[in-house]
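>>> Sequence first, then the predicted structure:
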Amino acid sequence: MSVFSMMFRMLSLAVLLLAAAPAVQAQDGQGGGGRKGQRLGQLENAKIAFITNRVSLTQDQAQKFWPLYNEFAAKRRELNRNGRLLRRDITEGMTDQQIRDTFTQSFASRQQELNLEKDYFDKFQKVISLRQVAQLFQAERDFTKEVIKRVAGVGGAAPATGTD
């Protein structure tokens, strides 16, 4: 597995955790008052603080950047979800052609994810500098690594917002 692919999978995990926050909050019936809802909300807040700090967003930039980033993240979450569903659909009873078709759809989904990243790479540059865009993608990877490290280790606190 390539480093990019591994990092993408880790980022997908973090995005999945963040995407689950509203669903968990709705399920616990307390609008985020449950422990899982609170933890996922804290994780989302930590990610915002982490990225804002790492990318050194000004207040003006942050006001323009976060709605765009949230749009990007929602689209990426949906593509990731669709891709995961396709990969799960392969079963023993499938014909070779059905397996081939599933992989073809999975590859198309991953290409859509790449196209989305390229599209938002350009859009992000309209509100933040190229250097900040590079810092954004690095910050996402670093945040994901930190979340995985904490889940595998202590399992307690959300990632620090500073530059470790």
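Structure received.

>>> Just give me the neighbour total for residue 122.
9 (other C-beta atoms under 10 Å). Using the backbone N, CA and C atoms, a C-beta is placed for each residue, glycine as well.

>>> ok, now the one 3 residues further on?
Counted with other C-beta under 10 Å, residues neighbouring residue 125 total 12.

>>> Give the phi and psi angles for it, as a check.
Here the main-chain torsion angles of residue 125 (degrees, to the nearest 10) amount to phi -70, psi -10.

>>> low-scoring pLDDT stretches of the chain, where are they?
Applying pLDDT under 70 to the chain flags the ranges 1-33, 87, 89, 154-164.

>>> Can you show me the helices along it?
In chain order, the chain shows helices spanning 3-27, 35-55, 59-88, 96-124, 130-152, with DSSP state H as the criterion.

>>> Let me know which of the ones you listed is tucked in deepest.
Between those, helix 35-55 has the highest mean count of neighbours, a mean of 18, where neighbours are mean count of other C-beta atoms under 10 Å.

>>> relative to helix 96-124, how tilted is it?
Computed with axes from the mean of the first three to the mean of the last three C-alpha atoms, to 10 degrees, the direction of helix 35-55 lies at 50 degrees from that of helix 96-124.

>>> how close does residue 96 sit to residue 132?
Noted for residue 96: a distance of 47 Å to residue 132, by C-beta to C-beta, to the nearest Å.

>>> Oops, could you answer that again for residue 52 instead?
Summarising the geometry, the distance separating residue 52 from residue 132, computed by C-beta to C-beta, is 11 Å.

>>> again with residue 153
Applying C-beta to C-beta, the value for residue 153 to residue 132 is 30 Å.

>>> Residue 118 too?
Residue 118 sits at a distance of 17 Å from residue 132 (criterion: C-beta to C-beta).

>>> now residue 48
Residue 48 sits 15 Å away from residue 132, going by C-beta to C-beta.

>>> likewise residue 79?
Between residue 79 and residue 132 the computed distance is 24 Å (C-beta to C-beta).
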